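Visitor: Quick one, what's the 3D model for this:
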Amino acid sequence: MNDNILNYELQIEFNSAMSLYKDRMFQNSQEKFEYILQYSPNHSDTLAMLGVIQSFSKNYKLAIQLTTRAIKSNPRNEKLYNTRGSYNISIGKFNEGIVDYKKAIKLNQNYTEAYNNYAMALKDTMQWENALNIINKAININNKISILHVTKGKILLDLQLLGLSIKSLDTALQINSKDYNALYTKSLSLIMNKQISDGWQLYEHRWKTNAVNSSFLKTDKPLWNGSNAYKNILVWKEQGIGDEIMCSSLINDLAKHCNRIYLLVDIRLITLYKRSFSSNVILIDPREPLDDLEYDAHIPIFSLPLHFKLDPNNYIDGKKFLYANKLTTDKMKKKIQNENHKKICGISWKSGSNTDGNARTIDLLKFIKLLDNGNLIFVNLQYGATAAEIDLVEKKLGIKIFNKDLVDNKNDIDGLASIIEACDVVVSIDSATVHLAGALGKDTHVILPFKSDFRWMADVNKSIWYNSITLYRQKRDLRWDNMLKEIKHNIQ
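Guide: Got it, this is the predicted structure:
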């Protein structure tokens with residue numbers, strides 16, 4: 001077949017495949033793209049589109065391979081480097097992603113999307129000053145793109161330059177008043193800046209972003225609006241188990257506005273919650289259908305603060321609201337051998353978060369070395385594989401961390417509550433363990449990274465959520481030493 005005729009027919013196939021893709025018929029479009037490669041195996045646009053389709057299934061490694069082949073065929077296409085950079089970032093290959101963004105910018109020095117992605121990668125690797133420099137370059141190229149100001153707002157939020165963060169986000173909203181990422185990020189900056197009434201209002205925009213890993217409940221019932229007009233209210237879980245525990249501190253406030261609460265929570269919390277809440281709070285197993293529930297209104301659990309958590313200076317309400325099993329707690333105390341009547345210290349030192357877990361995690365050897373005062377018995381509250389780290393501490397420091405024959409710290413939350421209750425004090429990084437300990441009213445010392453979560457606000461050492469918690473904040477040098485030494489002094 002004549003090459004011109006072949007190229008013409010392949011272009012028709014490519015256009016057809018793109019039409020299917022735009023109609024979200026991804027399987028059909030993939031088949032057509034693969035057909036094109038049989039005749040033109042180095043067709044750059046086709047390889048790139050197959051990479052995009054693979055990325056939808058989070059098959060990023062194959063997406064990278066396909067995009068790399070596309071780059072070999074078309075090495076001067078800046079968009080291919082930018083796309084491959086995003087795939088690399090998605091699997092945690094930040095160095096490779098940053099290299100790709102730099103290549104894209106080198107090919108096109110006005111490529112604002114690559115600048116934006118580059119700045120976000122620097123932000124996520126805690127290179128905030130460099131990130132600010134890059135995003136400012138993008139804004140200088142075109143200051144009418146809202147996402148650039150949103151990214152700058154996010155970087156400034158990480159740096160806790162909250163007034164500047166809010167200013168950048170307001171600029172984004174002047175460009176596009178319906179930029180939901182700007183509205184959501186502004187909510188975080190406002191809450192962190194103790195402007196929590198306005199912050200919670202804007203936090204409702206979370207559902208229109210990719211920031212929340214939960215789906216909004218499908219129901220024809222109205223969203224609870226704070227009134228006393230509804231007898232039965234369904235509160236449904238969202239985000240992580242720590243978020244559920246934290247916001248559950250407001251269930252008793254909600255109970256004053258209705259006759260009955262249906263509380264849909266993580267199944268791991270049901271036993272503990274049944275013991276802790278009154279009989280008008282009905283616990284719902286998330287595996288069960290909601291069709292037969294007789295509720296008049298509903299609310300996602302992280303929307304409760306909009307109605308009940310409006311005073312940034314109120315540290316009194318954060319009292320104990322969960323209660324561990326007393327018999328199990330007594331058994332735990334007997335298992336923890338404490339013949340010398342030392343202080344029992346529960347510890348958690350690492351995070352499994354895909355987004356900022358590394359920033360929150362502390363090496364256990366350093367953790368114990370800096371915290372031990374000679375009068376502590378350490379008890380493991382950490383979930384996951386910990387045996388090797390614990391054995392290393394005993395081998396290097398001669399300090400035993402009590403770990404055996406207790407409970408599954410991840411799945412047996414009621415059992416973990418009893419272990420925490422058996423402790424005199426808890427020292428932990430920011431994790432679900434902190435929320436459980438705070439809800440139990442346990443003396444808890446929380447080690448926050450420099451880039452801390454909005455819920456802890458800024459420049460305070462107490463929490464509006466739990467009055468038994470003390471916060472310790474990492475400085476810009478990202479060192480843990482002084483924080484752990486301060487905790488060591490405070491718990492002796």
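
Visitor: By mean pLDDT, flag the weakest helix or strand of the protein.
Guide: helix 357-360 (a mean of 79; mean pLDDT, DSSP states H and E).

Visitor: Check what contacts that helix and list those residues.
Guide: Here helix 357-360 makes contact (CB atoms under 8 Å, 6 or more residues apart in numbering) with 126, 350-351, 353, 429-431, 449-451. Bear in mind the C-beta positions are built from the backbone N, C-alpha and C, glycine included.

Visitor: so of those residues, which ones are in strands?
Guide: Counting by DSSP state E, the part of the contacts of helix 357-360 found in strands is residue 429.

Visitor: Show the buried residues in the contacts of helix 357-360.
Guide: 126, 350-351, 429-431, 449-451 (16 or more other CB atoms under 10 Å).

Visitor: Just give me the least confident of the residues you listed.
Guide: Across the buried ones among the contacts of helix 357-360, no position has a lower pLDDT than residue 351, which has 83.

Visitor: correct me, but it touches residue 433?
Guide: No - Residue 351 is not in contact with residue 433 according to CB atoms under 8 Å; the separation is 10.1 Å.

Visitor: hang on, residue 476 is in a helix, isn't it?
Guide: No - using DSSP: H, G, I helix; E, B strand; the rest coil, the assignment for residue 476 is coil, not a helix.

Visitor: can you pull the contacts of the nearest residue to it once chain neighbours are set aside?
Guide: Spatial nearest neighbour of residue 476, excluding adjacent residues (CB to CB, 6 or more residues apart in numbering): residue 450 at 6.0 Å. Residue 450 sits next to 126, 359, 473-476, 478 when contact means CB under 8 Å, 6+ apart.

Visitor: farthest pair in the residues you listed?
Guide: For the contacts of residue 450, the farthest-apart pair by CB to CB is 126 and 473; their separation is 15.0 Å.

Visitor: re earlier: can you put the contacts of helix 357-360 in a markdown table and add distance to residue 407?
Guide: Converted to a markdown table, the contacts of helix 357-360 look like this (distance: CB to CB, whole Å):
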| residue | distance to residue 407 |
| --- | --- |
| 126 | 34 |
| 350 | 18 |
| 351 | 20 |
| 353 | 22 |
| 429 | 20 |
| 430 | 22 |
| 431 | 16 |
| 449 | 27 |
| 450 | 33 |
| 451 | 31 |
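
Visitor: Out of the contacts of helix 357-360, which comes closest to residue 153?
Guide: Checking the contacts of helix 357-360 against residue 153 by CB to CB gives residue 451 as the nearest, at 14.1 Å.

Visitor: check contacts around the residue nearest to that closest one when sequence neighbours are not counted.
Guide: Sequence neighbours aside, residue 158 is the residue nearest to residue 451 in space, at 4.6 Å (criterion: CB to CB, 6+ apart). Residue 158 is in contact with 123, 126, 128, 451, counting by CB under 8 Å, 6+ apart.

Visitor: And residue 262, by the same measure?
Guide: Residue 262 makes contact with 232-235, 282, 284, 293, 295, according to CB under 8 Å, 6+ apart.

Visitor: Quick check: it is in a helix.
Guide: No - counting by three-state DSSP, residue 262 is not part of a helix but strand.

Visitor: What helix or strand is residue 234 located in?
Guide: For residue 234, the host element (DSSP states H and E) is strand 232-236.

Visitor: now residue 197
Guide: Here residue 197 sits within helix 196-203, counting by DSSP H and E.

Visitor: Would you mark the buried spots in that helix?
Guide: Neighbour counts over helix 196-203 (16+ other CB under 10 Å) mark 196, 199-200, 202-203 as buried.

Visitor: same deal with stretch 120-130?
Guide: Neighbour-count burial for stretch 120-130, with 16+ other CB under 10 Å as criterion, is recorded at 120-128, 130.

Visitor: Stretch 49-67 too?
Guide: Buried-residue list, stretch 49-67, by 16+ other CB under 10 Å: 49-55, 60, 63-67.

Visitor: Might you calculate how far the helix or strand where residue 154 lies sits from the centre of the chain?
Guide: Assigned by DSSP H and E, residue 154 belongs to helix 146-158. Counting by CA atoms, centre = their mean, to the nearest Å, helix 146-158 is centred 17 Å from the centre of its parent chain.

Visitor: correct me, but residue 446 touches residue 465?
Guide: No - using CB under 8 Å, residue 446 is not in contact with residue 465, being 10.7 Å away.

Visitor: looking at it, residue 56 is touching residue 27, isn't it?
Guide: No - using CB under 8 Å, residue 56 makes no contact with residue 27, being 10.7 Å away.

Visitor: Could you check how far residue 71 is from residue 472?
Guide: Distance of residue 71 to residue 472, computed by CB to CB, to the nearest Å: 46 Å.
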